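> sharing a model prediction with you, sequence too.
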Amino acid sequence: MSQAVMPEVDDRRAPAAGGRTGSKPKIVGSGTAVPENSYTQLDLLDRFDITDQRVRSVFLNSAIERRHLVLPPDEPSGRPRTETQGQLLAKHREQGVELAAQAVLRSVEDANADPADIGYLCCVTSTGFLTPGFSAYLIRRLGLRHHTGRLDVVGMGCNAGLNGLTATAGWASTHPGSLAVTVCVEVCSAAYVFDGSMRSSVVNSLFGDGAAAVVLTTEGGDGGDGGGPEILKFASCVIPDAVDAMRFDWDDDHGKFSFFLDRDIPYVVGAHAETVVNRLLAGTGLRRSDIAHWVVHSGGKKVVDSVRVNLGLTRHDVRHTTGVLRDYGNVSSASFLFSYNRLTDEDLARPGDHAVLMTMGPGSTIETALLRY
C-alpha cells in the first residue's frame, strides 16, 4: 500500500455522511490545456501509413474519436520524421512546460486567485525525465515566489495524479488559507515508438497529450475563493502480482523507451476496484449507492467497462470518463482531472453530495479519494 502524506480518517472517528468535524482541504479551482492540433484515429492511421488490418482494428475500436498530439514534422516523403530519444525528451520539456503553465493559470483564475498566491506546487508526469523537474521550470515561467514549496512526482504512471493530490492536500491542511496546486502534465507523444508491432500499436492507439490542474486551500485565511468539494479521505491498493503489467522498458532496437501494457490489465484492475472503494468508504457511514458522482481514470474502453461492472456503476455514472476518452484519449495522470473539470462544468453537484475519484496505473495500483460538496 502506498503511504499517504495526509493521514486517512480514522475509522473510529469518521464523520457520518452528513457530518462535519473541521476544515478539510477544498478544491477551489480547476483547469485543463491541450496542444493546438487534434487528430481522429483515421487521421493517424493515414498519417503513419498503417495498413495492417489488426492494427487498424485496435485504433478504430478504441472508443476514441480524437486526440490532441504534438506530432513530428514530415519528411520529404510525406511520412512523419522518426524522433530520437533526445528529441522526444526535448518535446516533453518544451511542450510540458507550456501545457502545464496554461493549466495552472486557468485553475488559479477559476479559483478567483492570482499565481502569486500559490504556496505549493506539485507537478506530476510520466512521459519523460527532467532535472530540474517541471516545478522549477514553472516557478520561473509563471513568476511564482522563490520560496514556493514544490514536489515533482515522476514515473508513477496514470495513477499518479491522486498520489500528487495526496501530497498537495497534506500541505494545504497544514497551511490554512494558502493555495496549493497539483498539475498533471503528460506529453504522451514524447513516449511513442512506431514499429508496426501489436505491442506498440496498442499504446499508440490510446494516449493523448494534455495537462490539468486543481487548486486546493483549507479555510483559515485569505486564500482562493470557491465553493468546491472537501477532500475527506484517500485509499490505495497495490497489486504486487501485477507489478510488470504496465511498465517502461528500454528498447535497444529503437534507442528509446517503450511502454508496455499487458492485455489482461483491465481485468486485474476491475477485480480489485471493489476492495479499494470499500476501504475508502469504511467508517464513513456511506455505501457505494450513496456516491452521487464518480470520476474514474479514462484508462481505455476495457478498463472503464471492467471497473464499471465490478462496482455496479451505470454508463451515466462514468459519462465524464467515457467522454474524456472519446475526445482526448487516455491523458495518463491528467485524465481524471479532465473528467473532474467536466463534472464541475456540468454544475449538477449539490451541497452534501459525495464523489469518488479513482485512478489506475503501474504497480499495478488503484488510488482513490472521497470528496464532499
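Ah, there it is.
> going forward, measure contacts between C-alpha atoms and count neighbours the same way
OK.
> and Val269, how far is that from Leu206?
Distance of Val269 to Leu206, given as CA to CA, to the nearest Å: 17 Å.
> same check, this time on Trp294
From Trp294 to Leu206 the distance is 22 Å (CA to CA).
> got it, and Tyr120?
In terms of CA to CA, Tyr120 sits 32 Å off from Leu206.
> repeat for Gly143
Following CA to CA, the distance that separates Gly143 from Leu206 is 35 Å.
> the more surrounded of the two?
Leu206 (25 against 11; other CA atoms under 10 Å).
> what residues does that one make contact with?
59, 62, 64, 300, 329-330 (CA atoms under 8 Å, 6 or more residues apart in numbering).
> can you rerun that using 7 Å?
329-330 (CA atoms under 7 Å, 6 or more residues apart in numbering).
> walk me through the domains of the protein.
Following automatic domain parsing, one finds the domains of the chain at 31-217, 228-372.
> can I get these in TSV including distance to Lys24 and mean pLDDT?
Below are the domains of the chain laid out as TSV (distance: least, CA to CA, whole Å; pLDDT from 0 to 100):
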stretch	distance to Lys24	mean pLDDT
domain 31-217	7	95
domain 228-372	6	94
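> now those as a markdown table including distance to Ser23?
Formatted as a markdown table, these follow (distance: least, CA to CA, whole Å):
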| stretch | distance to Ser23 |
| --- | --- |
| domain 31-217 | 8 |
| domain 228-372 | 8 |
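> could you pick out the longest helix of the protein?
If you go by DSSP state H, the chain has its longest helix at helix 85-110.
> quick one: list the elements packing against that helix.
strand 26-33, helix 134-142, strand 179-186, strand 210-217 (3 or more CA pairs under 7 Å, 6 or more residues apart in numbering; DSSP states H and E).
> what pairs with the third one, parallel or antiparallel?
Sheet partners assigned to strand 179-186 using DSSP bridges are listed as strand 118-125 (parallel), strand 210-217 (antiparallel).
> neighbouring contacts of that strand?
With contact meaning CA under 7 Å, 6+ apart, strand 179-186 is reached by 96, 99-100, 104, 117-127, 161, 164-165, 168, 172, 209-217, 223-224, 331-334.
> let me know the distance separating the residue lying closest to Glu230 once chain neighbours are set aside from Ile231.
Leaving out its chain neighbours, the residue that sits closest to Glu230 by CA to CA, 6 or more residues apart in numbering is Lys26, at 4.2 Å. Separation of Lys26 from Ile231 (CA to CA): 6 Å.
> show me what stretch 59-69 is in contact with.
Counting contacts by CA under 7 Å, 6+ apart, the residues outside stretch 59-69 that touch it are 34-35, 37-41, 189, 205, 208-209, 301, 325-329.
> try it again at 8 Å.
Here stretch 59-69 makes contact (CA under 8 Å, 6+ apart) with 34-42, 45, 187-189, 202, 205-210, 300-301, 325-329.
> also stretch 135-151?
With contact meaning CA under 8 Å, 6+ apart, stretch 135-151 is reached by 97, 100-101, 115-116, 118-123, 152.
> what are the ranges of the strands in this structure?
Using DSSP state E, the strands assigned to the chain run over residues 26-33, 38-40, 66-68, 118-125, 149-154, 179-186, 210-217, 230-238, 246-251, 256-261, 293-296, 354-361, 365-372.
> and of the ones you listed, who's closest to Gly312?
strand 293-296 (11.7 Å; CA to CA).
> looking at the contacts of stretch 135-151, which one is closest to Asp290?
Nearest to Asp290 among the contacts of stretch 135-151: Cys122, at 31.0 Å, using CA to CA.
> close enough to count as contact, the closest one and Val153?
Yes. Between Cys122 and Val153 there is a contact under CA atoms under 8 Å: 7.4 Å.
> next up, the contacts around Ala369.
For Ala369, the contacting residues are 162, 231-235, 280, 356-358, taking CA under 8 Å, 6+ apart as the criterion.
> what do you get for Ala169?
6, 25, 180, 216, 231.
> try 10 Å
Neighbour list for Ala169: 5-6, 24-27, 175, 180-182, 215-218, 230-233 [criterion: CA atoms under 10 Å, 6 or more residues apart in numbering].
> quick one: it from Glu109, how far?
Remark: distance between Ala169 and Glu109 (CA to CA) = 19 Å.
> for Leu144, same thing?
Distance, Leu144 to Glu109, using CA to CA: 15 Å.
> thanks a lot, see you next time.
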